[in-house]
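> sequence first, then the predicted structure, then my questions.
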Amino acid sequence: MSGAENTALLEIAGTNAPNATLPPVAQARSLGMLWQVVMQLEHCVQSKDLSAVHNEDVILSAAVRELLAQADAIASNQSGDLKSSLTAFCSRVSALHLVADLNQQASSETELGKVLESFAKVKAHFSKDVVAQAKGYLEAFTCPMHRDVVGKRTDFCPKCGMALDQVSRILPSQAGFPSPGQQTVRASVRTAAPLTVGQPVTALLQLQRPNGDPVSPSDLIETHTKKIHLLIVDSSLTDYHHEHPVPTRNPGEYSFSFTPSKPGSYRVWADVRSYPLGLQEYAMTDIRAATTGEPLTNRTVIFKATVDGLNYELIIVQKTIQVGRPASAQLRITTADGKGFTRLEPLMATFAHLVGFNQDYKTVMHIHPKGAPVLDPTARGGPELEFQIYALQPGFVRLFAQVQIEGRSRFAPFGLRIAP
């Protein structure tokens, strides 16, 4: 294997460092960065996502490089032992990477155990205070949608209500990683022919890094049971589709299909979370058509809709939804005679999804109900679901509630006005 851990091994023999004591906070940062790599490797093996093991290569190399450069300042009398422990650790990760590339789950679990053993020997070179500080980096989680919100893994984002499930990664400063908030994925879509109203179309989505490298499924983090959520809507914000493309044999290429019911081009937002930061981003592109799309003319504020005999009501607690201020909302679904509907089926690990498109045709919201994921396929939900809306732009928003009933998705449209 020619991964980053081998590069680190080659650098160990010739590493020199100043003979000075390194402050504990700096030691903790370097150890914490390496520890986060180990935690991610554990997650990859335990979740059987072995193809994602390689995503830790660059950070691993940088973390080991930092520790090698600091070895004399960390353990001046035993720096050789620390370097030997790092050598053994890199060898164990290399062995794990090899069996993971071969998709050997049982062997990966065995090699992971050896990785953990060798990492324990690396930690033994640090003081208890440094280890305690480093462990703190494993307990800091952020909201994938709002990176400024940091807390414990058991916490929920006060803005959108989403669980803080993304560890706040320590990144090497010189490895070329994007900063939080920087676009890391670009999208494009091609079809065999222009879109035609009422005609099913098969399309190919291409995901790339800014440098042109393809984005593979192993580069993406699963969110609500899918690695890619495609949010598709026409220019009048009336025909909405939620699709989940599947990878083809070509790197970075994914296939999906839908049937447009409106003329003109459709806009697509690829809702993804990519390694290593794991923060949500939207890669936006268009699907071209030979016809002209309809403008957004209906900007009526509406909180009630009837779809297939069921009544949907969006209840906003606050009188006004303002940009940058969380707004509590409740989706209530009732039958024609006013009784609560309780037969909602799990859809992407929850009982409903809210997706909103701003009138600027650039800003999108993807909102999930509060509470834990629904993992039991036999579970049923309703009639009320709690949401938290956090808008980033003022103006009119077409909001769609998506639910699943009897194996089929239903979409209920609403109209909101977001105040500055």
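Okay, I see it.
> low-confidence regions, the stretch 101-250 of the chain specifically.
174-176, 178-180 (pLDDT under 70).
> strands of that one, residue ranges please.
Along the stretch 101-250 of the chain, counting by DSSP state E, counting those that start in this stretch, strands occupy 141-142, 150-151, 166-167, 186-191, 201-208, 229-234, 240-243, 246-247.
> by contact count, what packs against the longest one?
It refers to strand 201-208. Where contact means 3 or more CB pairs under 8 Å, 6 or more residues apart in numbering; DSSP states H and E, strand 201-208 is packed against strand 186-191, strand 253-258, strand 266-273, strand 280-287. For glycine as for every other residue, the C-beta is placed from the backbone atoms N, C-alpha and C.
> report the buried residues of that strand.
Residues 201, 203-208 are the ones in strand 201-208 that count as buried (16 or more other CB atoms under 10 Å).
> how many degrees apart are it and strand 280-287 in direction?
Going by axes from the mean of the first three to the mean of the last three CA atoms, to 10 degrees, strand 201-208 is angled at 130 degrees with respect to strand 280-287.
> what angle do strand 201-208 and strand 266-273 make?
Using the same axes, to 10 degrees: strand 201-208 against strand 266-273 is 50 degrees.
> let me know the angle separating strand 201-208 from strand 253-258.
Using the same axes, to 10 degrees, strand 201-208 lies at 150 degrees relative to strand 253-258.
> what's in contact with strand 201-208?
The contact list for strand 201-208 (CB atoms under 8 Å, 6 or more residues apart in numbering) reads 185-193, 195, 214-215, 228, 230, 245, 248, 252-260, 268, 270, 272, 283, 287.
> can you tell me which of the residues you listed are buried?
185-187, 189, 195, 215, 228, 230, 245, 252-254, 256, 258, 260, 268, 270, 272, 283, 287.
> what strands flank the helix or strand Glu386 falls within, and is each parallel or antiparallel?
Here Glu386, judged by DSSP states H and E, is contained in strand 384-389. Applying DSSP bridges to the sheet, strand 384-389 is found paired with strand 327-334 (antiparallel).
> and the strand it pairs with, C-alpha only, in PDB?
C-alpha atoms of strand 327-334 as PDB (Å, rounded to 0.1, in the frame of the first residue of the first chain):
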ATOM      1  CA  ALA A 327     -38.700  29.800  14.500                       C
ATOM      2  CA  SER A 328     -40.600  26.800  16.000                       C
ATOM      3  CA  ALA A 329     -43.000  25.100  13.700                       C
ATOM      4  CA  GLN A 330     -45.400  22.200  13.800                       C
ATOM      5  CA  LEU A 331     -46.600  20.200  10.900                       C
ATOM      6  CA  ARG A 332     -50.100  18.700  11.600                       C
ATOM      7  CA  ILE A 333     -51.800  16.200   9.300                       C
ATOM      8  CA  THR A 334     -55.400  15.300   9.600                       C
END
